[in-house]
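Trainee: okay, here's the prediction I keep looking at, along with the sequence it came from:
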Amino acid sequence: MSNKITEDALEQSMLGWLEELGYKILHGPDIAPGEPAEERSDYSDAILHGRLRSSLTRINPYIPGDALDDALKKLRSISSPSLGLENRDFHHLLVNGIEVEIRQDDGSIRGERVNLVDFDNPENNDWLAVNQFTMIEDNHNRRPDVVVFINGLPIAVVELKNPADEDATIWSAFNQLQTYKAEI
């Protein structure tokens, strides 16, 4: 029997560490579109909308549902000519929240901010790590080893390599992440 560390063993160790930190751990194929526990309706969608909506309602209890819908629409409409700019815009919303308008009983409108993350009470957030999370976009089928979510929003992609494989280098993982960036 071999004592070599495999990529799967490394992945399971990482998931165990994340679980110890309070993350819920799910297996990508279990929550894939069409499965009984699906958390998204399409493989091209990286956002877990049910978790996101539930989290926004919990984090922002003073925001009416139609304003939350407006915030979600603004979040989904982020579009930039480059991934770098799109990530910058997403980061701004993640850190600063999304401005929405709320109609008051007297007919006036006031501005309010919908927070995507509860930075004051981290335990109020939904922490999730999903292994083998398949994404399909423009006929590119990719499956990152681990995707980390906060409140249904993907915030990190982890690509692991077998440490016992001499050909598996940091550069091969980096190149694979570059492929993910370009294709999904």
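Mentor: Alright, I've got the coordinates.

Trainee: tell me the contacts of the most centrally placed residue in the chain?
Mentor: For the chain, residue 154 is the residue whose C-alpha lies nearest the centre (C-alpha atoms, centre = their mean; 1.4 Å). Taking C-beta atoms under 8 Å, 6 or more residues apart in numbering as the contact definition, residue 154 lies against 46-47, 147-148. C-beta here means a position set from N, CA and C on the backbone, and glycine is covered the same way.

Trainee: and the furthest pair within those residues?
Mentor: Greatest spacing in the contacts of residue 154, by C-beta to C-beta: 47 and 148 (13.4 Å).

Trainee: for residue 80, state which of the contacts of residue 154 is nearest.
Mentor: The nearest one, if we look at the contacts of residue 154 relative to residue 80 and count by C-beta to C-beta, is residue 46, at 15.8 Å.

Trainee: hmm, that closest one is touching residue 135, no?
Mentor: Yes. Contact criterion C-beta atoms under 8 Å: residue 46 and residue 135 qualify, at 6.4 Å.

Trainee: of those two, which one has the most company?
Mentor: residue 135 (22 against 16; other C-beta atoms under 10 Å).

Trainee: quick check: residue 151 touching residue 51?
Mentor: Yes. Counting by C-beta under 8 Å, residue 51 is a contact partner of residue 151 at 6.4 Å.

Trainee: between those two, what contacts are shared?
Mentor: residue 126.

Trainee: the two: who's more crowded?
Mentor: Between residue 151 and residue 51, residue 151 has the larger neighbour count (other C-beta under 10 Å), namely 25 against 20.

Trainee: residues contacting the more buried one?
Mentor: Per C-beta under 8 Å, 6+ apart, neighbours of residue 151: 51-52, 55-56, 59, 116-117, 125-126.

Trainee: and the nearest residue to it once chain neighbours are set aside, what is it in contact with?
Mentor: Distances taken as C-beta to C-beta, 6 or more residues apart in numbering place residue 55 nearest to residue 151, at 3.6 Å, with adjacent residues excluded. Counting by C-beta under 8 Å, 6+ apart, residue 55 touches 116, 125-126, 151-152.

Trainee: distance check, residue 55 against residue 66.
Mentor: Distance of residue 55 to residue 66, computed by C-beta to C-beta, to the nearest Å: 18 Å.

Trainee: just say helix, strand or coil for residue 177.
Mentor: helix (DSSP: H, G, I helix; E, B strand; the rest coil).
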